[in-house]
Structure formats: C-alpha cells, structure tokens
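Chemist: Take this sequence and fold it.
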Amino acid sequence: MTLTSMALGQMNWTKRAALAVAGSVLIALAAQVSVPFYPVPMTLQTLAVLFVGLAFGARMGAATVALYLAEGLAGLPVFANGMNGVAFAGPTAGFLVGFVAMAAIAGLAAGRGLAAMIGAALVASAVLYVFGLAWPMGVAGALGVGVWGQDLATGELLGAFMTPFLLGDAIKAVLAAVIVAGGVKALHRA
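Modeler: Take a look at the predicted model:
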C-alpha cells in the first residue's frame, strides 16, 4: 500500500488527477531550488521525483513525472532555473526523460519498508545517470541535436554530468525513502 493510498483512501480518477497535478507542482518547485553547476544544475528535483515514485507507486509516479514533462513541453517554466521545453534541446534532456524511469523504479518499492525503498531509490538514481549520459554521448547526435558535451571524452563527460552529483544524489535517495517511511509510520499510528 502506498503512502498516498494510505492517506487518501480508495483512489478514483479525481484523486489521481489531483495527486498528479500536486506531484508535478512539487517537482517543479523543487527544480527551482538550484545550485548553479554547468551543464547540469544541482537541484532538489531528483529528491522530489524519488519522493513521488516512493509515495505514489510506480505507475502513478511515472504518470506524474510524465505530466511534469508535458507541462514543460507546453511552455511552462517548470524545469531547473525556470526553463521550459527548450531544455529538451539542451544537455540535460536525457535526465528529464530519465525522471520517468526514476519514479517508476523507485515506485516499485512503495510500501515495502525503509530498506527496500532506499535500495530502489539508489538503483533509480543510478539508472537516471544512464539516461542523462546517453543523451550527450550519442542519442542527441543521432537525432540531429547538437548539445554541449557531445565532443567530450568519457572521463570528462562523467566529470561534468555525474561525478560531482553522486554523493548528493545518494543522500537525496536515502532522504526520500526516510521521508516516505516516516509518513507511513505516522499514518499507521494515527
């Protein structure tokens, strides 16, 4: 049982729609808490995506992130530093697409206890790097999109897109799991 179903009871389409909108707003707000890095800013976006996956479950979490991406594509400034769909032509597009997989993977452990949620959140964070690095390493070029980082050697690319973020992402993965597990525990007591 997910945190949201425990808190909201039987889910219907109205509750699911409201939950997806609320989750997408949470992710958008978290994306604006940003420490400038280039080419990928350090934000609380991944924490929010993991929270949504762990709290909503795999399908609802992935759908919520897909709504968030659709909002950005529609021109809303929901991505890091107030960006919109233009970000899909930049070096972070792989990370944006990877957020759907991140939420789905984390959501597989929804309601399964703290250790399982931490493990799933860490795996989901690792998978996000696969999407994020695949974009500048070849996917963008194959689609005819020129992005920063395409010409970097693998080590330089890892240094720009991954290495500086590993510790922070591990902490955010554990924190998301602890927050959701704490919410579940609090609801069990109520």
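Chemist: now the helices for the protein?
Modeler: Per DSSP state H, the chain carries helices over the ranges 3-8, 13-31, 45-56, 58-73, 93-107, 114-134, 140-142, 154-161, 166-189.
Chemist: check contacts around the residue nearest to residue 87 when sequence neighbours are not counted.
Modeler: Nearest residue to residue 87, sequence neighbours excluded (Cβ to Cβ, 6 or more residues apart in numbering): residue 79, at 4.7 Å. (C-beta placed from N, C-alpha, C; glycine too.) Counting by Cβ atoms under 8 Å, 6 or more residues apart in numbering, residue 79 makes contact with 28, 31, 72, 87, 92, 96.
Chemist: re the thing from before, quick check: which of the helices of the chain is buried the most?
Modeler: Using mean count of other Cβ atoms under 10 Å, the stretch among the helices of the chain with the largest mean neighbour count is helix 45-56, at a mean of 30.
Chemist: Which strands or helices does it pack on?
Modeler: Under the contact definition 3 or more Cβ pairs under 8 Å, 6 or more residues apart in numbering; DSSP states H and E, helix 45-56 sits against helix 3-8, helix 13-31, helix 58-73, helix 93-107, helix 114-134, helix 166-189.
Chemist: hmm, try it at 6 Å
Modeler: Judged by 3 or more Cβ pairs under 6 Å, 6 or more residues apart in numbering; DSSP states H and E, helix 45-56 is in contact with helix 3-8, helix 13-31, helix 58-73, helix 93-107, helix 166-189.
Chemist: would you turn those into JSON lines with distance to residue 148 and mean pLDDT?
Modeler: Output for the helices and strands packed on helix 45-56, formatted as JSON lines (distance: least, Cβ to Cβ, whole Å; pLDDT from 0 to 100):
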{"stretch": "helix 3-8", "distance to residue 148": "38", "mean pLDDT": "94"}
{"stretch": "helix 13-31", "distance to residue 148": "19", "mean pLDDT": "97"}
{"stretch": "helix 58-73", "distance to residue 148": "19", "mean pLDDT": "98"}
{"stretch": "helix 93-107", "distance to residue 148": "11", "mean pLDDT": "97"}
{"stretch": "helix 166-189", "distance to residue 148": "20", "mean pLDDT": "96"}
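Chemist: Take these and lay them out in a markdown table including distance to residue 52.
Modeler: Formatted as a markdown table, those follow (distance: least, Cβ to Cβ, whole Å):
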| stretch | distance to residue 52 |
| --- | --- |
| helix 3-8 | 9 |
| helix 13-31 | 5 |
| helix 58-73 | 5 |
| helix 93-107 | 5 |
| helix 166-189 | 9 |
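Chemist: Residue 6 contacts residue 187, correct?
Modeler: Yes. Assessed by Cβ atoms under 6 Å, residue 6 is found in contact with residue 187 at 4.7 Å.
Chemist: ok, residue 23 - contacts?
Modeler: 52, 64 (Cβ atoms under 6 Å, 6 or more residues apart in numbering).
Chemist: ditto for residue 104
Modeler: Taking Cβ under 6 Å, 6+ apart, one finds 58, 62 in contact with residue 104.
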